[in-house]
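**Q** sequence-free structure coming up:
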């Protein structure tokens, strides 16, 4: 029993050492004084927790440097808020374990970390998350539907790719301009040009991801599971669309603490419904026009 308890305490001690190091490293990279202060305060708390556990175990531990590196990179790529909230998800489990072991004070402080971070952390990129959602979701729904219709109307990979790129790139500039005018007219605290850029780049990147299968798959490709090359390209596009939806909604569910399944099901459902309707329209128009 003593061995099991010792193992639990050492595991928690190592977690505290690791998270303390993560918060210190994140604080060093912060230009925002408020964010820096919050992160250093929490790092100090984690250090104190580690010291309390060290008294119980009689041992010293080192941080798990791979985890420190991972969260540092996560903060650089996905933003401070995402990295910190992913870290706090682990601490929720830790607070439960602390209570089981009788360390209620440590559990209460672990629980308070997230509440403080949610209310105080400031990150500019999250201000424009709505613009990213607008660009990405519009590109997913509109272009996937257009590609589905064009695929069955023409059945030519290169022609569909050309039409998709022309349509998508033009729509990206249109969406960016619309977001600029919308943001400026609503007189929000956000910069209209920055909002327009985020909408434009999100739309454009999504366009290239969705069109990619039509550029990569060769017209001479042997049918896979009976699927002709142009149909295979469409299936790949739909899969990419689902992956993009899942990835982005996971990000949003973490930083905004909303339901992942609800948002994912809603967007994925719209994607398939629009694609199905466009598929039918493509067949009808191609038959009517004799193409």
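**A** Thanks, I have it. Keep in mind it's a predicted model, so treat the numbers as computed, not measured.

**Q** domain ranges for the chain?
**A** What automatic domain parsing lists as the domains of the chain is 2-122, 125-289.

**Q** what about the nearest residue to residue 103 once chain neighbours are set aside, how many neighbours?
**A** Using Cβ to Cβ, 6 or more residues apart in numbering and skipping the chain neighbours, the partner closest in space to residue 103 is residue 52 (7.7 Å). For glycine as for every other residue, the C-beta is placed from the backbone atoms N, C-alpha and C. By other Cβ atoms under 10 Å, 16 other residues sit near residue 52.

**Q** and for the one 5 residues further on?
**A** For residue 57, the number of neighbouring residues by other Cβ under 10 Å comes to 17.

**Q** who are the contact partners of it?
**A** Applying Cβ atoms under 8 Å, 6 or more residues apart in numbering to residue 57 gives the contacts 6, 9-10, 13.

**Q** do the same with residue 82
**A** Contacts of residue 82 (Cβ under 8 Å, 6+ apart): 74-75, 251, 254-255.

**Q** just the buried members of the contacts of residue 57?
**A** Buried members of these, scored by 16 or more other Cβ atoms under 10 Å, are 9-10, 13.

**Q** among these, which are in strands?
**A** Using DSSP state E, the subset of the buried ones among the contacts of residue 57 located in strands is empty.

**Q** and of these, the nearest to residue 164?
**A** residue 13 (54.6 Å; Cβ to Cβ).

**Q** check which helix or strand covers the residue lying closest to the closest one once chain neighbours are set aside.
**A** Leaving aside its sequence neighbours, residue 13 sits nearest to residue 53 (Cβ to Cβ, 6+ apart; 3.9 Å). Take DSSP states H and E as the rule and residue 53 turns out to sit in helix 33-57.

**Q** quick check: buried residues in that helix?
**A** Neighbour count says helix 33-57 has 35, 38-40, 42-43, 45-47, 49-50, 52-54, 57 buried, by 16+ other Cβ under 10 Å.

**Q** report the buried residues of the helix or strand following that helix.
**A** Following helix 33-57 in sequence order, the next helix or strand is helix 65-78 (DSSP H and E). Buried residues in helix 65-78, defined by neighbour count with 16+ other Cβ under 10 Å: 67-68, 71-72, 74-75.

**Q** ok, residues contacting helix 65-78?
**A** 18, 21-22, 25-26, 29, 82-84, 86-87, 251.

**Q** right, and the helix or strand after it?
**A** Defined by DSSP H and E, the subsequent element after helix 65-78 is helix 80-100.

**Q** I'd like the distance from that following helix to the chain centre, please.
**A** Helix 80-100 sits 19 Å away from the centroid of its parent chain (Cα atoms, centre = their mean, to the nearest Å).

**Q** contacts only, for residue 168.
**A** 139, 143, 203-204, 207-208, 210-211.

**Q** low-confidence ranges in the protein?
**A** Where the chain drops to pLDDT under 70, the residues are 1-2, 90-92, 113-128, 186-189, 221-226, 275, 278-279, 282-283, 285-287, 289-291.

**Q** tell me which residue is most central in it.
**A** When Cα atoms, centre = their mean is applied to the chain, the residue found nearest the centroid is residue 251 (2.8 Å).
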